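*Asks:* need the 3D shape of this:
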Amino acid sequence: MADSKQRHLHCCHGLQILTRLGATLIPPPAAGATQIITPINLILASIFVFVVYLRLKPAVPQTLPRAPPPTVFRTFTPPTLLPYNGLNGMPVYLSVRGRVFDVTSGRNFYGPGGPYANFAGRDASRGLACGSFDEEMLTKDLEGPLDTLEDLGPEEMEAMQGWEERFSEKYLVVGKLVPVGSEEAKASRS
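*Replies:* Numbering: from 1, shown residues only. A predicted model of the protein is given here:
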């Protein structure tokens, strides 16, 4: 037992010596000094490093959308305009007073299911002039002459001009509408 007591004293004495040696090698923190490495400081340092990374990382190159294929001005007849109604991936065209407009960007209005869908691929002049979107406003005989609009009154003509101006400002003119059998129609086929 005396032997174990002696070993214990020896061990404690060794710890005291090491503690004294450590105290001379690593000075104790001064009174009132704060630690630098705290959880808050680690979080703030992480945020700082992240923000610096975001500022310095290389930017992803931006790619421009593909340009639409060039549109060639062409001559349409009522039957050749008809497929441009927005169905089966086709663009949406309509005609006002012989000018054919590409209204595809307004597909929500002029395409399938839109309020003006019955004008898609057709001459919309009379319907727009009269403020009516009914099927009766459309020319029934696509092989016959174009609607001359001669029976429209001054107010209706003014309304149609207003529509035509709006279309001219907003949409691209892609062609003109001519009657079937006209010289222009025959020339456009060759």
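*Asks:* hey, let's count contacts and neighbours off CA atoms from now on
*Replies:* OK.
*Asks:* would you mind putting the CA coordinates of stretch 62-81 into CSV?
*Replies:* Extracted in CSV, the C-alpha atoms of stretch 62-81 (Å, rounded to 0.1, in the frame of the first residue of the first chain):
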residue,chain,number,x,y,z
GLN,A,62,-25.4,33.5,-71.6
THR,A,63,-26.6,32.0,-74.8
LEU,A,64,-28.9,34.0,-77.0
PRO,A,65,-32.1,32.4,-78.2
ARG,A,66,-32.0,31.2,-81.8
ALA,A,67,-33.3,33.7,-84.3
PRO,A,68,-36.5,32.7,-86.0
PRO,A,69,-36.0,31.6,-89.6
PRO,A,70,-36.3,34.5,-92.1
THR,A,71,-39.8,35.2,-93.3
VAL,A,72,-40.2,35.7,-97.0
PHE,A,73,-42.9,38.0,-98.2
ARG,A,74,-45.3,36.0,-100.3
THR,A,75,-48.6,36.0,-102.0
PHE,A,76,-51.5,34.1,-100.4
THR,A,77,-54.9,33.1,-101.7
PRO,A,78,-57.7,32.2,-99.2
PRO,A,79,-57.0,28.4,-99.6
THR,A,80,-53.2,28.8,-99.1
LEU,A,81,-53.7,31.1,-96.1
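*Asks:* buried sites along that stretch?
*Replies:* By neighbour count on 16 or more other C-alpha atoms under 10 Å, the buried set for stretch 62-81 is 75-78, 81.
*Asks:* quick one, what contacts residue 128?
*Replies:* Neighbouring residues of residue 128 by C-alpha atoms under 8 Å, 6 or more residues apart in numbering: 159-160, 163.
*Asks:* switch to 10 Å and redo it
*Replies:* Counting by C-alpha atoms under 10 Å, 6 or more residues apart in numbering, residue 128 makes contact with 96, 116, 119, 137, 156-157, 159-164.
*Asks:* in strands, which of the buried residues of stretch 62-81 fall?
*Replies:* Secondary structure defined by DSSP state E assigns 75-76 of the buried residues of stretch 62-81 to strands.
*Asks:* columns pLDDT on top of the buried residues of stretch 62-81, output as CSV?
*Replies:* Output for these, formatted as CSV (pLDDT from 0 to 100):
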residue, pLDDT
75, 93
76, 95
77, 95
78, 95
81, 96
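*Asks:* let's have the buried residues of stretch 62-81 in JSON lines, adding distance to residue 179.
*Replies:* Shown next, in JSON lines, are those (distance: C-alpha to C-alpha, whole Å):
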{"residue": "75", "distance to residue 179": "10"}
{"residue": "76", "distance to residue 179": "8"}
{"residue": "77", "distance to residue 179": "6"}
{"residue": "78", "distance to residue 179": "7"}
{"residue": "81", "distance to residue 179": "11"}
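*Asks:* looking at the buried residues of stretch 62-81, which two lie furthest apart in space?
*Replies:* The most widely separated members of the buried residues of stretch 62-81, counting by C-alpha to C-alpha, are 75 and 78 (10.2 Å).
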